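A.B. asks: How does the following fold in three dimensions:
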Amino acid sequence: MICKSYETFFRTLADKSKLEIINLLSKGPKRVNELSQGLGFEQSRVSHNLKALRERGFVSVKRQGKAMVYSLDKRYIVPILKLIDKHVDQYYRHYCKCRGVRWRQQA
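C.D. replies: Here you go, the predicted model:
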């Protein structure tokens, strides 16, 4: 039986703002202001979405001096995203000419 946790997990991935943040973080760790500039979002919007992503285990955060640096969870999320890419490449090519994002393993 699928519980509400599954709905929350997949709703997180389906949220365009959160997915754009995840996509940008796939390129490496970023500060809030870097995410805000890279996405063209207001900093409050990025912070709000990062809070949800952090609470749901999609991202982790480390303090570097005064700054907080966010990165994708390497243990679970990066491998899940890689599997999604394989699935998309296999079954969804006809929807667009793009291929999966090719999630990078962060250092």
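A.B. asks: Show me what the host helix or strand of residue 71 is packed against.
C.D. replies: In this structure, residue 71 is located in strand 67-72 according to DSSP states H and E. Helices and strands touching strand 67-72, as assessed by 3 or more C-beta pairs under 8 Å, 6 or more residues apart in numbering; DSSP states H and E, comprise helix 16-25, strand 30-31, helix 32-39, strand 59-64. For glycine as for every other residue, the C-beta is placed from the backbone atoms N, C-alpha and C.
A.B. asks: list the contacts for the residue sitting nearest the centre point of the chain?
C.D. replies: Within the chain, one residue has its C-alpha closest to the average C-alpha position: by C-alpha atoms, centre = their mean, that is residue 22, at 2.0 Å. Counting by C-beta atoms under 8 Å, 6 or more residues apart in numbering, residue 22 touches 13, 53, 58, 59, 72, 77, 81.
A.B. asks: Most neighbours among the residues you listed, which one?
C.D. replies: Tallying neighbours with other C-beta atoms under 10 Å puts residue 72 at the head of these, with 27 neighbours.
A.B. asks: Might one say that that one is in contact with residue 80?
C.D. replies: No: Residue 72 is beyond contact range of residue 80, at 10.0 Å (criterion: C-beta atoms under 8 Å).
A.B. asks: Mind pulling up the pLDDT for residue 100?
C.D. replies: At residue 100, the model reports a pLDDT of 55.
A.B. asks: Using CSV, write out every CA atom in the longest helix belonging to the chain.
C.D. replies: Among the segments of the chain that qualify as a helix by DSSP state H, the longest is helix 77-91. What follows is helix 77-91 as a C-alpha-only set of coordinates in CSV (Å, rounded to 0.1, in the frame of the first residue of the first chain):
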residue,chain,number,x,y,z
ILE,A,77,18.6,11.3,-3.8
VAL,A,78,21.5,11.3,-6.3
PRO,A,79,21.2,7.5,-6.9
ILE,A,80,17.4,7.9,-7.2
LEU,A,81,17.8,10.7,-9.8
LYS,A,82,20.2,8.6,-11.8
LEU,A,83,17.7,5.8,-11.9
ILE,A,84,15.0,8.2,-13.0
ASP,A,85,17.3,9.3,-15.8
LYS,A,86,17.6,5.7,-17.0
HIS,A,87,13.9,5.2,-16.8
VAL,A,88,13.2,8.4,-18.7
ASP,A,89,15.8,7.5,-21.4
GLN,A,90,14.1,4.1,-21.9
TYR,A,91,10.4,5.0,-21.8
